[in-house]
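S.K.: sequence? don't have it. structure:
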């Protein structure tokens, strides 16, 4: 019982530290790298972030299974509203929106992964949204948006894969009391070539993140072109 409590507390502290670190990076990037800032009133900023986060949290409930990944990796399109928020309002707004998205999802559905999957969604999502928002907001053009999404997608693929291998899969195994071997077996059910955590990451997580980045990017670009006109007019 005490050991379980320690593991849960450690996981919570790591989650809070990651959130704080991402917010600090976002704030510093806005201060040091982004010269042309879009200014909205505090009330409008909160309203927009809440709207995008609520939409993302609902979309997060709509999960799409992929044939090459085990059942605990399902594609959702919740990063699209978060990306639009981050492109429109800046990196910090993107990180906060990503966090609120997960909170909305937890309020609507709860967790089925001992919060590990929810933390993964936040951390890996930020690894896509934050660099993309920083790159785009330094010079807001269509070409820069495409480049920002491409770089953000690559960073998410690398970070998400390493993060799964080093921390998330072992954390899920401990907190959910599921042996690593059982997780590997679930992956083997869809890909018999998976033999280890490394194989799971290379054959399932990497292509999963690439597909997610591609789909999110292809939908975000045309949607953002429409939404940014409304926000610009409103501001």
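M.R.: Sure, I can see it. For clarity, every value in this text was computed on a predicted model and none was experimentally measured. Residues are numbered from 1 along each chain as shown.
S.K.: not counting sequence-adjacent ones, nearest residue to residue 66?
M.R.: residue 75 (5.7 Å; CB to CB, 6 or more residues apart in numbering). Bear in mind the C-beta positions are built from the backbone N, C-alpha and C, glycine included.
S.K.: next, count neighbours for the one you found.
M.R.: Residues lying near residue 75 (other CB atoms under 10 Å) number 15.
S.K.: and it, what does it touch?
M.R.: 63-66, 208, 211-212, 215 (CB atoms under 8 Å, 6 or more residues apart in numbering).
S.K.: how does it look with 7 Å?
M.R.: 63-64, 66, 211-212 (CB atoms under 7 Å, 6 or more residues apart in numbering).
S.K.: any idea what it is bridged to?
M.R.: Under DSSP bridges, the beta-bridge partners of residue 75 are residue 64.
S.K.: do you know the pLDDT at it?
M.R.: On the pLDDT scale, residue 75 is placed at 93.
S.K.: do you know how far it is from residue 225?
M.R.: Residue 75 sits at a distance of 24 Å from residue 225 (criterion: CB to CB, to the nearest Å).
S.K.: and for residue 99?
M.R.: 26 Å.
S.K.: and those two? which has more neighbours close in?
M.R.: A count of neighbours by other CB under 10 Å puts residue 99 above the other of residue 99 and residue 225, at 19 against 11.
S.K.: pull the distance from the helix or strand hosting the more buried one to the chain's centre.
M.R.: In the assignment (DSSP states H and E), residue 99 maps to helix 91-109. Between the centre of helix 91-109 and the centre of its chain there are 10 Å (CA atoms, centre = their mean, to the nearest Å).
S.K.: list the buried residues for that helix?
M.R.: For helix 91-109, a neighbour-count test (16 or more other CB atoms under 10 Å) marks 91-102, 104-105 as buried.
S.K.: same question for stretch 46-60.
M.R.: Quick answer for stretch 46-60 (16+ other CB under 10 Å): 48-49, 52-57, 59-60.
S.K.: quick check, central residue of the chain?
M.R.: Centroid check for the chain by CA atoms, centre = their mean gives residue 125 as the closest residue, at 1.2 Å.
S.K.: residue contacts, that residue?
M.R.: 79, 82, 98.
S.K.: and which of those residues is nearest to residue 156?
M.R.: residue 79 (8.9 Å; CB to CB).
S.K.: could you find the closest non-adjacent residue to the closest one?
M.R.: residue 216 (4.7 Å).
S.K.: helices and strands around the helix or strand that contains that neighbour, which ones?
M.R.: Using DSSP H and E, the secondary-structure element containing residue 216 is helix 206-234. Other helices and strands packing on helix 206-234, by 3 or more CB pairs under 7 Å, 6 or more residues apart in numbering; DSSP states H and E, are helix 79-89, helix 142-163.
S.K.: so residue 122 touches residue 99, yeah?
M.R.: Yes. Counting by CB atoms under 7 Å, residue 99 is a contact partner of residue 122 at 6.0 Å.
S.K.: before we move on, back to that, what's the mean pLDDT across whatever helix or strand comes next after the helix holding residue 99?
M.R.: Next helix or strand after helix 91-109 toward the C-terminus (DSSP H and E): helix 116-138. In this model, helix 116-138 has a mean pLDDT of 92.
S.K.: how about stretch 96-103?
M.R.: Mean predicted lDDT for stretch 96-103 stands at 94.
S.K.: show me the contact partners of it.
M.R.: Counting by CB under 7 Å, 6+ apart, 19, 49, 52-53, 56-57, 60, 78, 82, 85-86, 118, 121-122, 125-126, 129 sit against stretch 96-103.
S.K.: one more: stretch 188-196?
M.R.: Taking CB under 7 Å, 6+ apart as the rule, stretch 188-196 contacts 67-70, 184, 187, 199-200, 203-204.
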